[in-house]
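Novice: show me the folded form of this:
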Amino acid sequence: MGFPNCGGAIDGTHIPILGPDHQGSQYINRKGYFSMVLQALVDHKGRFTNINVGWPGKVHDARVFKNSGLFRRLQEGIYFPDHERTVGDVEMPIVILGDPAYPLMSRLMKPYTGALDTEKELFNYCLSKCRMVV
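Specialist: Purely as a prediction, here's the structure:
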């Protein structure tokens, strides 16, 4: 789809739940309903390759990610071991694609923000197009 060495796309979604009796306010998400967060990494066909579920709806996607096994394995370089590809004259590891909520990492690409030139807008367009699968 135009993004070399893409290992998948990641995003969080809110699964509606009945409000729990204990610590209910932690489960009210930014849209005002009770939920649990489901973080999903999917491949190019929309198949789940990694999930993390159970965080209260109030928790931000970045916090869920930074406390996940996926984050630890990406940091250690063991989620996509030894799968690099030469793009131009650069050795590029397999990366996952995320939205601006996620941290920029050597194995996690996210869109540019702020004032963008044409090249950065094109990068964001390609990244967004490939992320739509999630």
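Novice: use CA for all of it now, contacts and neighbours both
Specialist: Will do.
Novice: and the helix or strand of the chain with the lowest mean pLDDT, what does it pack onto?
Specialist: Lowest by mean pLDDT, DSSP states H and E among the helices and strands of the chain is strand 84-87, with a mean of 77. Under the contact criterion of 3 or more Cα pairs under 8 Å, 6 or more residues apart in numbering; DSSP states H and E, strand 84-87 touches strand 90-93.
Novice: what helices and strands are in contact with the helix or strand just after the strand it packs on?
Specialist: Per DSSP states H and E, the first helix or strand lying C-terminal to strand 90-93 is strand 95-97. Strand 95-97 makes packing contacts with strand 6-16, strand 108-109, helix 118-131 when contacts are defined by 3+ Cα pairs under 8 Å, 6+ apart.
Novice: residues in contact with the shortest one?
Specialist: With Cα atoms under 8 Å, 6 or more residues apart in numbering as the contact definition, strand 108-109 has outside contacts at Val95, Ile96, Leu97, Gly98.
Novice: tell me the SS of the residue of the chain most remote from its centre?
Specialist: Computed with Cα atoms, centre = their mean, the maximum C-alpha offset from the centroid of the chain is found at Asp21, amounting to 30.6 Å. Classification of Asp21 using DSSP: H, G, I helix; E, B strand; the rest coil returns coil.
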